[in-house]
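[1] Everything below, folded, please.
(2 chains)
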Amino acid sequence: MQYLVILILTALSTIGWCLPSHAESEFKGFYGQVATGYEDNRFSSINPNWRTSGSSGIGPGGSQHKTGAPLVLGGGTFTK
Amino acid sequence: MTNDWLIGFGVDYHPLAQDNGTFKVLTNPASSHSSFYQNMSYQVSNRVNLSVMPAYTLAPDKLLYLKLGYSTQTLKYRQIAPDAGGLTSGFERNARQNGMLIGAGYKQTVAHGFYGFVEANSVLYAKATIQGSAYAGAHAVCFSSRPLVSAMNVLFGVGYTFDAFGHSPTPQ
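    Numbering: from 1, shown residues only, chains lettered A, B, ... in the order given. Alright, predicted model coming up:
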């Protein structure tokens, strides 16, 4: 089954590369953009790493996460 | 259906700090055998992503793309005061974290040069050492740990495409 999926994806990719373009993408060139949405920042602990002279781990519970709405400014280029 | 592969290079900047989260650190005064938990907070900010984006043109005005890249951000952590552990001096530190990003997105032209897009990203940062020290009375208290920090987001936004002369693309 895995080989079949790989074969299909490879075939589609090959077809995609070989077919001639009929129109130019409107996204070719430079871009600037702004975005927002939903974000989840996760802070996971590892096992405490005890030391001889006073140290620590994170706990209890081990994992914390916080969600929010980010503001993302972006820029770049698409080319052939 | 048209067929057109593009390669993209992009940079993203997150100018806003994300809300604080809290966690607890088990501290151990160096001069005694007792230990206790300290309430800490963390905040991530100044994230910058650099990405390479293989993209497939579904139609001249529709673009599907993958994002593979590098991400860096600042992790600020500090003691929450007043603290139940009895610390008489706190601390606030910054750690720089670097990681790798993978994502995918879709762009659709909505007007001449303007487009809307949706995008999903996952970022996994390398473990950064966080550490601090303070005093509980005359006793030094310290901690050190290497947490795993990751982020996932789903974004939607608008953008503008232009050529080297600042012109938007010619409609097909």
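
[2] Would you mind listing the buried residues in stretch B:145-152?
    In terms of neighbour count (16 or more other C-beta atoms under 10 Å in any protein chain shown), stretch B:145-152 has its buried residues at B:145-147, B:149, B:151-152. In this view, the C-beta of every residue, glycine as well, is placed from N, C-alpha and C.

[3] Wondering if that stretch reaches chain A at all.
    Yes - counting by C-beta under 8 Å from any C-beta of the partner chain, chain A is contacted by stretch B:145-152 at B:145-152.

[4] that older thread, which ones among the buried residues of stretch B:145-152 lie within helices?
    Residues of the buried residues of stretch B:145-152 located in helices (DSSP state H): none.

[5] what pairs with whichever strand or helix holds residue B:42, and is each one parallel or antiparallel?
    Taking DSSP states H and E as the definition, residue B:42 sits inside strand B:36-59. Paired neighbours of strand B:36-59 in the sheet (DSSP bridges): strand B:5-14 (antiparallel), strand B:21-29 (antiparallel), strand B:62-79 (antiparallel).

[6] Any buried residues in the longest one, and which?
    When you say that, I think you mean strand B:62-79. For strand B:62-79, by 16+ other C-beta under 10 Å, it's B:62-63, B:65, B:67, B:69, B:71, B:73, B:75-79.

[7] for these, which one is nearest chain A?
    residue B:63 (4.6 Å; C-beta to the nearest C-beta).

[8] so what's the closest one up against?
    A:25, A:27, A:78, B:6, B:55-57, B:106-108 (C-beta atoms under 8 Å, 6 or more residues apart in numbering or on different chains).

[9] Next, count neighbours for residue B:168.
    16 (other C-beta atoms under 10 Å in any protein chain shown).

[10] Could you tell me the phi and psi values at it?
    phi -80, psi 160 (degrees, to the nearest 10).
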